[in-house]
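Visitor: sequence and predicted structure below; questions after.
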Amino acid sequence: MDEDAAAAAGQLFGDGPRGVLVIDARQLLTSTARVVGAQFGALHFKTWMAVVTMHVAHGMPDTGKATSSIGELTRLIYGADSSRGGNNTRHLLRAIFDLRQARFTVPGYDMVNQRPADGVSDTSLLISLYVDETILKAYNAPGAHGIDRSEFGKHLGARSRETIAWQLHPDYTQRLAESDLRRFDWTKAQQLRGVAMALWMVFSSERVPYRRVFDADDDLEMVEVPLTVDHCNALGVRAGADAARRRTLNDAGRRVCEADRSFVEFQAHGGRGRPSFLRVVRRTQVSALDRPFPLAGGQLSLVEPVA
C-alpha cells in the first residue's frame, strides 16, 4: 500500500478537524490532506487499498485499468467467510462511487510537478468507473429489479469476471510505480475499523521512529506520542475531553493488539494534572532494507505506498 495514504488514514476518516502527527520532531503526515465530495470511513479506505491491491496484482499497468468481480472485491475487503449479498455489497458499491466522486486537496504541495509549494493541489483517485447493470438493478433498488434470486445469481455469474472496472488517475498510477510499496495485511485489516484501523495503519509504518526497549525479556521497540489535541485529531480521535480521548485510544489499541500480535501494548496515560501521552510497544520488526531479497515464485507479496 501507499505509505502516504497509510499515514493519513486518521485524517481521511470522518469529517472532524484534522491534525499533523509529529513524533520526536519528525512530521509523519506530510500534509493535512482532505477529501471533498464524500465523507470517508474505514470501508472507503479499505476499498481504496483493495483497488491498489488489484492494480499491483494486475502487474501495475501504465493505464491504471483493472477489472474485478463483485465477489472478489467483497471477499478481499470483508473476508472469505462473509456474505456476498445484502448490506455488505451495497456498502461496498457506495464506497466505490464515493471514491470516484471524491477530490483530494493537498495544501503545501504541487502534485503536477511533485514538489513542496505555497499552494493547494486538487486531484482525484479514479477517473472512470464501470459497474454491471445487473448489480445496479439488484442493489440500487433492492426488491424492485424484477429478477428473482436464482435468476439474479445466474445473470451475475455469467459476468462474474468483469462486473466492476475502473481506471486510476495517471498521476496516482505513476506515483505507485515509483513508490516503495508496503504489504497490506488483509487478514488483519478485515478485523479493524475506525480509530483502531487508523492506529494500525499509522503505527505499522516504517516512518514511525521506534526505539529499542533494552531491559525487556523479548526483543521489543517502543514509541511515545504526546496526546495533544492536534495529534489526537491526526489519529482520528476527536472527543472534546482528554479522558474521553484516552478511553477511545485504549479501546482501539486493545483491538489492534488482538488483531495484530506484533503489537504488545497501546496504552494512553495521563490525567490528574499530568500531560497525556500514548505508548505503543511492539515486537522488533525487520526493516525492509534488512530483509533478504525474495526468491522468484510462490505467493504474490504486495507492498504498499502511502498517499
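Guide: Good, I have the coordinates.
Visitor: leaving aside the residues next to it on the chain, what's closest to Phe97?
Guide: Distances taken as CB to CB, 6 or more residues apart in numbering put Leu129 closest to Phe97, at 7.3 Å, once the chain neighbours are dropped. Glycine gets a C-beta too; all of them are placed from N, C-alpha and C.
Visitor: and whichever strand or helix holds that neighbour, what does it pack onto?
Guide: Assigned by DSSP states H and E, Leu129 falls within strand 126-131. Using 3 or more CB pairs under 8 Å, 6 or more residues apart in numbering; DSSP states H and E, the elements in contact with strand 126-131 are helix 87-101, strand 164-168.
Visitor: so how far is Gly71 from the residue nearest to Phe97?
Guide: With the distance defined as CB to CB, to the nearest Å, Leu129 ends up 18 Å from Gly71.
Visitor: how about residues contacting stretch 257-266?
Guide: 185, 188, 191-192, 196, 199-200, 203-204, 220, 249-250, 252-254, 256, 278-283, 285 (CB atoms under 8 Å, 6 or more residues apart in numbering).
Visitor: which of the residues you listed are buried? Put it as a PyMOL command.
Guide: In PyMOL, this line selects whichever of these come out buried by 16 or more other CB atoms under 10 Å:
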select buried, resi 185+188+191+192+196+199+200+203+204+220+249+252+253+256+278+280+281+282
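Visitor: quick one, strands of the stretch 201-307 of the chain?
Guide: Assigned by DSSP state E, counting those that start in this stretch, the stretch 201-307 of the chain shows strands spanning 211-213, 220-226, 263-271, 274-283, 305-306.
Visitor: gap between Ile135 and Val213?
Guide: Distance from Ile135 to Val213, by CB to CB: 50 Å.
Visitor: just to revisit the earlier point, so which of the strands of the stretch 201-307 of the chain is the most packed in?
Guide: Across these, averaging neighbours per residue (mean count of other CB atoms under 10 Å) puts strand 305-306 on top, at a mean of 22.
Visitor: low-confidence ranges in the stretch 1-150 of the chain?
Guide: 1-20, 25-39, 81-86, 104-109, 111, 114, 116, 137-150 (pLDDT under 70).
Visitor: repeat the analysis, applying 90 as the threshold.
Guide: 1-53, 56-58, 67-127, 129-150 (pLDDT under 90).
Visitor: tell me where it has helices.
Guide: When secondary structure is read from DSSP state H, counting those that start in this stretch, the stretch 1-150 of the chain shows helices at 3-7, 9-12, 42-57, 70-78, 87-101, 133-140, 149-157.
Visitor: for the biggest helix by length in the chain, C-alpha coordinates in PDB please.
Guide: In the chain, with assignment by DSSP state H, the single longest helix is helix 242-259. Provided in PDB are the C-alpha atoms of helix 242-259 (Å, rounded to 0.1, in the frame of the first residue of the first chain):
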ATOM      1  CA  ASP A 242      -8.900  14.500  27.400                       C
ATOM      2  CA  ALA A 243     -10.100  11.500  29.400                       C
ATOM      3  CA  ALA A 244     -12.500  10.500  26.700                       C
ATOM      4  CA  ARG A 245      -9.700  10.700  24.100                       C
ATOM      5  CA  ARG A 246      -7.600   8.400  26.300                       C
ATOM      6  CA  ARG A 247     -10.500   5.900  26.600                       C
ATOM      7  CA  THR A 248     -11.000   5.900  22.800                       C
ATOM      8  CA  LEU A 249      -7.400   5.200  22.200                       C
ATOM      9  CA  ASN A 250      -7.100   2.500  24.800                       C
ATOM     10  CA  ASP A 251     -10.200   0.700  23.500                       C
ATOM     11  CA  ALA A 252      -9.000   1.000  19.900                       C
ATOM     12  CA  GLY A 253      -5.400   0.000  20.900                       C
ATOM     13  CA  ARG A 254      -6.800  -3.200  22.600                       C
ATOM     14  CA  ARG A 255      -8.500  -4.200  19.300                       C
ATOM     15  CA  VAL A 256      -5.200  -3.600  17.400                       C
ATOM     16  CA  CYS A 257      -3.300  -5.800  19.700                       C
ATOM     17  CA  GLU A 258      -5.900  -8.600  19.300                       C
ATOM     18  CA  ALA A 259      -5.800  -8.400  15.500                       C
END
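Visitor: no further queries at this time; thank you.
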